[in-house]
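S.K.: Got a predicted structure here, sequence first:
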Amino acid sequence: MQLNDYLAILWRRRFVLAVTAIVATGIIAFGVSQMTTKYAATSTIRVETVPVGGIDFTTFDISYSERLMNTYTDIFRSPVVMDQLAVELDMDEPPDVTIDVVKDTELLIIGSQEENPDLPPVVVNTLARLIVEDGENLLSLWKDSLNGQTPPIDVEDLDRLSILQLAEGTFTVGANKRSLMAFGALVGLLGGIGMAFVVEHLDQRIYSLQHFARVTNLPILSEIPKKDYRDSDTTLFAKPRYSEGFRRIKAVIKREDDQPQVIMLTSPEPGEGKSTIAANLALSLAQSGERVMVIDMDTYRPSLHKFLALPNDRGLSTLMLRKTRFAETIQKTTRPQVTAITSGPLNYTQMPEFDSPAIAALINQLRGNFDFILLDTPPTAIASTAKTLMPLVDSVIVVVRMGQTNEDSLRLMMEELSYTELPSMGIVVNAIGQKSRYRKYYKLADKMARNPGFMVKQT
């Protein structure tokens, strides 16, 4: 697949992509909105390293200083000190405070995190001042809590404490909400793209001409644009945006060395526009002066009589059951060159036998009176009529619908038809979306067709 194929899939599944992306982003956004933002502040205390030696030689007892700093950390985090801090702050419960030793330094970092941005600086600065300015009282309270045990620190050691830096503000901690929202949007977009390709993989409908040709291994005779809701089903052949498609079918038919006379139109499934194509092809052939007979052989869900505005009280079913004669069965249409045999009234208890000699005799009789005979047969998914009639026809047109024809149904149809000797076959793809660069051209052509006096403004 090329890049254009991937882009076409994303455009075709844009609704799935958009919904998945919006839902995923919304879920992540809701989760982020429920996260509580915490604010933090720190203050720094210096613990002077203990010197060892005399006047002539002085060194520093680093190991003792490290033990001293760890002891300070335990003292300042002890319950008695935290209770004293709560009293100073007029709080019912002690705040959450951390005291960390910065490795290979003389520094103690006092930290606090709270949801209230004003509280952390007050907490860490108050504790720092208590430690440095009221350390003797804190040490006394701590010693009393030891229940007579010998403390590993003396009052003199408190002189080595000093405030290096007080907190002047706060900073947020944890994940940044904006970053999480951006990440959520990215995850939503990627999820939407992934879901679009999953849906495309599960969808068995066919969306490209290349796919139709690959599945059937048949040539594409023509492409019929998607019908505008304002256009009548039986006048498509006369409108510029559709007429070229029917002219291509005529050109292919007449170009063949052994020009087919009996042409069968079939489709894999209902609703693919087979009868619409049959009616308009008949009318288009008649424009060229050809004598055309069109027969509705879809006795399950006939519709050709509706397209041609003919009654269906008589037709193929009454002819095969010998309830009407041939002359009474055929009907003239609004086009003198087009004659039709409709399906006739439905009678599921007495269906025509399409493999009977009567059908073969009818078609042979019509060959001598018409230039083209079009057989509108039911979809192969419903009936085996098309397979039965294969030996009697010269050519087969398979009508498929872009974005609707199921690949499995199309493969099954080709497999069923392959059991008989195949006449010349081709595909007509119905309901093709018009390319944007052609849309303006056909819109102008339609306007000129409706209004012969319409003048194009010269620029």
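M.R.: Good, I have the coordinates. Numbers count the residues shown, from 1 in each chain.
S.K.: buried sites along stretch 377-385?
M.R.: Neighbour counts over stretch 377-385 (16 or more other CB atoms under 10 Å) mark Thr377, Pro378, Pro379, Thr380, Ala383, Thr385 as buried. Bear in mind the C-beta positions are built from the backbone N, C-alpha and C, glycine included.
S.K.: any weak-confidence spans in the stretch 51-200 of the chain?
M.R.: 51-65, 142, 144-158, 175 (pLDDT under 70).
S.K.: that older thread, between the buried residues of stretch 377-385, which sits nearest Asn116?
M.R.: Using CB to CB, Pro379 comes nearest to Asn116 of the buried residues of stretch 377-385, at 72.2 Å.
S.K.: And that closest one, how close does it get to Lys387?
M.R.: From Pro379 over to Lys387 the distance is 12 Å, taken as CB to CB, to the nearest Å.
S.K.: for Leu119, same thing?
M.R.: Separation of Leu119 from Lys387 (CB to CB): 84 Å.
S.K.: picking up where we left off before, quick check: the two most widely separated of the buried residues of stretch 377-385?
M.R.: Pro379 and Thr385 (9.3 Å).
S.K.: Which neighbours do the two have in common?
M.R.: Thr266 (CB atoms under 8 Å, 6 or more residues apart in numbering).
S.K.: Counting by contacts, list what the top helix by length along the chain packs against.
M.R.: Counting residues, the longest helix in the chain under DSSP state H turns out to be helix 177-202. Judged by 3 or more CB pairs under 8 Å, 6 or more residues apart in numbering; DSSP states H and E, the packing partners of helix 177-202 are helix 3-12, helix 14-34.
S.K.: For that helix, buried residues please.
M.R.: The neighbour-count check on helix 177-202 (16+ other CB under 10 Å) flags Leu180, Gly184, Ala185, Gly188, Leu189, Gly191, Gly192, Ile193, Met195, Ala196, Val199, Glu200 as buried.
S.K.: Tell me the spacing between the third one and Gly191.
M.R.: Here Ala185 is placed at a distance of 11 Å from Gly191 (CB to CB).
S.K.: The second one too?
M.R.: According to CB to CB, Gly184 stands 10 Å off from Gly191.
S.K.: Quickly list what's touching both of these two.
M.R.: The contact sets of Gly184 and Gly191 overlap at Ala24 (CB under 8 Å, 6+ apart).
S.K.: returning to that earlier point: nearest to Ser343, of the buried residues of stretch 377-385?
M.R.: The closest of those to Ser343 turns out to be Pro378 (CB to CB; 9.7 Å).
S.K.: Once you drop chain neighbours, what's closest to the closest one?
M.R.: In this structure, Pro378 finds its nearest non-sequential neighbour in Asp298, 4.2 Å apart by CB to CB, 6 or more residues apart in numbering.
S.K.: Need the three-state assignment for Ile397.
M.R.: Recorded secondary structure, Ile397: strand (DSSP: H, G, I helix; E, B strand; the rest coil).
S.K.: hang on, it packs against Val428?
M.R.: Yes - counting by CB atoms under 8 Å, Ile397 touches Val428, with 5.6 Å between them.
S.K.: Between those two, which contacts overlap?
M.R.: Contact criterion CB under 8 Å, 6+ apart; residues bridging Ile397 and Val428 by contacting each: Leu221, Ile249, Ile277.
S.K.: Including neighbour count and secondary structure, could those residues go into TSV?
M.R.: Listed next are those as TSV, based on neighbours: other CB atoms under 10 Å; DSSP: H, G, I helix; E, B strand; the rest coil:
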residue	neighbour count	secondary structure
Leu221	20	strand
Ile249	22	helix
Ile277	25	helix
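S.K.: Now render those residues as JSON lines, adding pLDDT and distance to Gly289.
M.R.: Converted to JSON lines, the shared contacts of Ile397 and Val428 look like this (pLDDT from 0 to 100; distance: CB to CB, whole Å):
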{"residue": "Leu221", "pLDDT": "91", "distance to Gly289": "21"}
{"residue": "Ile249", "pLDDT": "91", "distance to Gly289": "16"}
{"residue": "Ile277", "pLDDT": "91", "distance to Gly289": "21"}
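S.K.: Secondary structure element holding Ser275?
M.R.: For Ser275, the host element (DSSP states H and E) is helix 274-287.
S.K.: contact partners of that helix?
M.R.: By CB under 8 Å, 6+ apart, the residues outside helix 274-287 that reach it are 224, 227, 233-234, 236-238, 242-243, 246-247, 249-250, 265-267, 292, 294, 296, 298, 303-304, 307-308, 335-338, 340, 371-372, 374, 376, 379, 397, 399, 428, 430.
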